[in-house]
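Asks: Return a 3D structure for these sequence lines:
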Amino acid sequence: MAHKTSEPLAAGTTTTLTLDERITGALVGAAVGDALGGPVEGWTPEQIAERHGGRVTGVVGPWYGDDWRTARPIAPYHKGDGHVTDDTLMTHALVRVYEKVRGHLDAYAVADHLVPDLMSRPRWIPELEAEALPLQRIFLAEKWIVTRLHYGHADPREAGSGNIVNCGAAMYMAPVGLVNAAHPEAAYAEALDVAGAHQSSYGREAAGVLAAAVAAACAPEASPASVVETALALAKDGTRSAIESACEVASRYTDFESALVPLRAAVAPFDTVGPHYRDPSLGARRPSRLHSVEELPVALGMLLVGDGDYRHTVLGSVNYGRDCDSIATMSGALAGALHGEQAIPATWVKTVAEASRLDLHAPARALAEVAREIFVRDTKRRRAHEAAFAALTGPGR
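Replies: Here you go, the predicted structure:
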């Protein structure tokens with residue numbers, strides 16, 4: 001499947017895309033957003049502007065320049081220069097699970113396939129600039145999967161309980177939405193099952209809603225507004241309230257610069273991390289029916305602010321700061337699913353692919369093939385059920 005390198009589309013442009021084009025747009029868009037957000041993750045919009053002499057407008061280098069190896073010894077990763085982070089590593093790992101299973105996934109697929117992939121197959125890790133096990137790069141909340149499932153032999157459906165509640169599951173759940181393209185309810189249910197092995201509470205809920213939003217973005221005639229409407233229709237508890245609050249504020253703005261502070265204010269009451277991202281509050285990341293991860297509501301808010309335009313949506317997410325690589329991963333997947341790869345600046349795609357030493361299109365080709373196989377089997381099962389139900393409710397019954 002050849003990929004397009006045309007100029008980005010204007011915001012609000014209606015696009016008629018195939019399944020392959022939407023899957024490519026979502027996965028490439030997520031990876032590029034991840035790479036753009038990585039070098040400014042953890043900082044505030046003010047700090048980002050001061051460090052870069054204004055807003056980030058594309059691929060930038062590490063925050064600490066050439067001292068990135070030693071400036072933060074606890075995390076000596078080469079974030080920047082087009083390198084993707086663990087968000088993309090986990091997304092591509094989940095695609096590989098779909099390739100192997102070639103069917104819908106559940107928590108057991110995480111135990112049987114994702115865990116071995118993370119801990120037994122060395123791969124090129126861009127931020128480490130070396131071949132290594134993905135397990136050696138992923139964050140503690142993702143290492144939890146291996147601890148609980150491989151070493152603890154926990155029930156896969158309950159393994160997420162006890163983990164810190166964050167966006168770790170949501171950040172790589174786009175493939176679930178793509179396999180269930182245009183069927184948000186199915187994407188939501190499948191993602192909740194998959195995420196049960198990783199997260200609980202509002203972290204698991206965010207995974208379900210993100211997958212549903214991606215599925216909604218794949219629907220013909222989808223728009224940023226329809227994506228948000230779908231998310232609100234399915235989201236529960238604090239997650240729904242946070243999305244509602246963030247998107248109500250986002251609807252008042254058309255440029256991300258003006259929206260940065262209001263969006264943070266809108267989501268802050270639902271965010272357990274607190275005002276200082278690098279120094280979380282004592283109540284951070286604990287289960288709650290009243291709270292939400294910050295990343296998903298902001299990503300949806302930026303999608304509205306940017307009216308679905310990839311460049312505007314993702315740059316707004318990047319310059320928001322805090323966990324902006326995950327925010328831009330999510331919003332990049334949504335904008336990419338809405339408009340395809342043609343909406344993503346080709347220079348960004350080329351830079352990220354080369355710097356990360358990744359084929360950004362191979363996972364999309366593989367997932368599109370699997371999605372078609374799944375749809376054929378789903379259709380066969382649905383028709384069998386229809387026939388059985390008709391027999392049960394036919395004349396005289």
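
Asks: Once you drop chain neighbours, what's closest to residue 69?
Replies: Nearest residue to residue 69, sequence neighbours excluded (C-beta to C-beta, 6 or more residues apart in numbering): residue 76, at 5.2 Å. Quick note: C-beta positions are derived from backbone N, CA and C, even for glycine.

Asks: contacting residues for the one you found?
Replies: By C-beta atoms under 8 Å, 6 or more residues apart in numbering, the contact list for residue 76 reads 68, 69, 70.

Asks: So which of these belong to helices?
Replies: Among these, DSSP state H puts 68, 69, 70 in helices.

Asks: Please spell out the PyMOL selection for the buried subset of the residues you listed.
Replies: For the buried members of those, the matching PyMOL selection, counting by 16 or more other C-beta atoms under 10 Å, is:
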select buried, resi 68
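
Asks: And the ones in helices among the contacts of residue 76, which is closest to residue 222?
Replies: Of all the ones in helices among the contacts of residue 76, residue 222 sits closest to residue 68, with 38.9 Å by C-beta to C-beta.

Asks: Need the residues that contact the lowest-mean-pLDDT helix or strand in the chain.
Replies: Least confident element among the helices and strands of the chain, by mean pLDDT, DSSP states H and E: helix 68-71 (a mean of 88). The list of residues contacting helix 68-71 from outside it, by C-beta under 8 Å, 6+ apart, reads 62, 63, 64, 76, 77, 78, 79, 80.

Asks: Where does the fourth one sit: helix, strand or coil?
Replies: Meaning residue 76. coil (DSSP: H, G, I helix; E, B strand; the rest coil).

Asks: How far does stretch 112-120 sit from its chain's centre?
Replies: In terms of C-alpha atoms, centre = their mean, to the nearest Å, the centre of stretch 112-120 is set 20 Å apart from its chain centre.

Asks: next helix or strand past the least confident helix or strand of the chain?
Replies: helix 86-101 (DSSP states H and E).

Asks: by contact count, what packs against that following helix?
Replies: helix 19-37, helix 115-120, helix 174-179, helix 324-339, helix 362-393 (3 or more C-beta pairs under 8 Å, 6 or more residues apart in numbering; DSSP states H and E).

Asks: got the end-to-end distance for stretch 125-138?
Replies: 10 Å (C-alpha to C-alpha, to the nearest Å).

Asks: buried sites along the helix or strand containing residue 146?
Replies: Assigned by DSSP H and E, residue 146 belongs to helix 140-146. Going by neighbour count (16+ other C-beta under 10 Å), the buried part of helix 140-146 is 141, 142, 143, 144, 145, 146.

Asks: The second one touches residue 168, doesn't it?
Replies: Yes - when contacts are counted by C-beta atoms under 8 Å, residue 142 is listed as touching residue 168 (5.4 Å).

Asks: Overlap in contacts, the two.
Replies: In terms of C-beta under 8 Å, 6+ apart, residue 142 and residue 168 are both contacted by the residues residue 198.

Asks: so which of the contacts of residue 76 comes closest to residue 317?
Replies: Checking those against residue 317 with C-beta to C-beta, the nearest one is residue 68 at 22.1 Å.

Asks: okay, now residue 153: neighbour count?
Replies: Residue 153 has 10 neighbouring residues, counting by other C-beta atoms under 10 Å.

Asks: so where's the stretch 151-300 of the chain uncertain?
Replies: The model of the stretch 151-300 of the chain has no residue with pLDDT under 70.

Asks: Would you map the helices across it?
Replies: Secondary structure of the stretch 151-300 of the chain (DSSP state H, counting those that start in this stretch): helices at 174-179, 184-195, 201-217, 224-234, 237-250, 256-267, 295-305.

Asks: neighbouring contacts of the fifth one?
Replies: I take that to be helix 237-250. 202, 205-206, 209, 228, 231-232, 235, 259, 262-263, 265-267, 269-271, 288-294, 296-298, 300-302, 304-305.

Asks: follow-up on the earlier one: can you list the buried residues of helix 140-146 in CSV and add pLDDT?
Replies: Putting these into CSV (pLDDT from 0 to 100) gives the following:
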residue, pLDDT
141, 95
142, 96
143, 97
144, 97
145, 97
146, 97
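
Asks: of all those, which comes closest to residue 378?
Replies: Proximity of the buried residues of helix 140-146 to residue 378 (C-beta to C-beta) peaks at residue 145, which lies at 27.1 Å.

Asks: How about the contacts made by the residue lying closest to that closest one once chain neighbours are set aside?
Replies: Leaving aside its chain neighbours, residue 145 sits nearest to residue 198 (5.4 Å; criterion: C-beta to C-beta, 6+ apart). With contact set as C-beta under 8 Å, 6+ apart, residue 198 has these partners: 110, 141, 142, 144, 145, 159, 160, 163, 168, 169, 204, 207.

Asks: pretty sure the fifth one is touching residue 119, no?
Replies: Okay, so that is residue 145. No - judged on C-beta under 8 Å, residue 145 makes no contact with residue 119 at a distance of 9.6 Å.

Asks: For the closest residue to residue 330 other than its chain neighbours, give its distance to residue 344.
Replies: Nearest non-adjacent residue to residue 330, counting by C-beta to C-beta, 6+ apart: residue 299, 3.8 Å away. Distance, residue 299 to residue 344, using C-beta to C-beta, to the nearest Å: 16 Å.

Asks: Let me know how buried residue 51 is, in neighbour terms.
Replies: By other C-beta under 10 Å, 16 other residues sit near residue 51.

Asks: Quick one: residues contacting it.
Replies: Applying C-beta under 8 Å, 6+ apart, we find residue 51 in contact with 40, 43, 63.

Asks: is it true that the second one touches residue 64?
Replies: No - between residue 43 and residue 64 no contact is recorded; they are 11.6 Å apart, counting by C-beta under 8 Å.
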